[in-house]
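Participant: Okay, predicted coordinates and the sequence, questions at the end:
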Amino acid sequence: MAATLGTRLYTWLRGVEVGRDSAGNRYFRAKSKRGVHNDSLRREKRWVIYNGEVEASRVPPEWHAWLHHTAVEPPPAEIPRRPWWKPHRPNMTGTPQAYRPPGSLLQGGHRAPATGDYEAWRPE
């Protein structure tokens, strides 16, 4: 589902695009900092318009930090990828593809038998 008409209108009237991520999500901040003083506890508004399905897990960590005011400036356009970084996978909770570990009730509820390396604690 794309952004609602109200979000698009608000963005058009009061938003400034600050960047895009590799998934095509667009990030915005408020045009005006009216009423937000440097020493104020209030912060500027920041938001994302998703490219495609609205799913919070699709926001990369660097943009998540900016959206939540952990980072002051938006991340650079190109971030060098680390070899151990994995591609995004959607959150599958609540779907048939959700992870169900051995012993889960949804996997039949049968755990592997104890191997004998466990000794129950007994109070002395």
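Facilitator: The structure has been received and is ready for your questions.

Participant: Who are the packing partners of the helix-or-strand element of the chain with minimal mean pLDDT?
Facilitator: The weakest-scoring helix or strand in the chain, judged by mean pLDDT, DSSP states H and E, is helix 5-14 (a mean of 88). The contact analysis (3 or more Cβ pairs under 8 Å, 6 or more residues apart in numbering; DSSP states H and E) places helix 5-14 against strand 46-49. Every C-beta, even on glycine, is put in place using the N, C-alpha and C of the backbone.

Participant: Quick check: can you name the pairing partners of the strand it packs on and their directions?
Facilitator: Sheet pairing here is set by DSSP bridges, and for strand 46-49 it gives strand 26-30 (antiparallel).

Participant: Below-threshold pLDDT in the protein: ranges please.
Facilitator: Regions of the chain meeting the criterion pLDDT under 70 cover residues 1-2, 33-41.

Participant: switch the cut-off to 80
Facilitator: Under the criterion pLDDT under 80, the flagged ranges of the chain are 1-3, 32-43, 102-103, 105-118.
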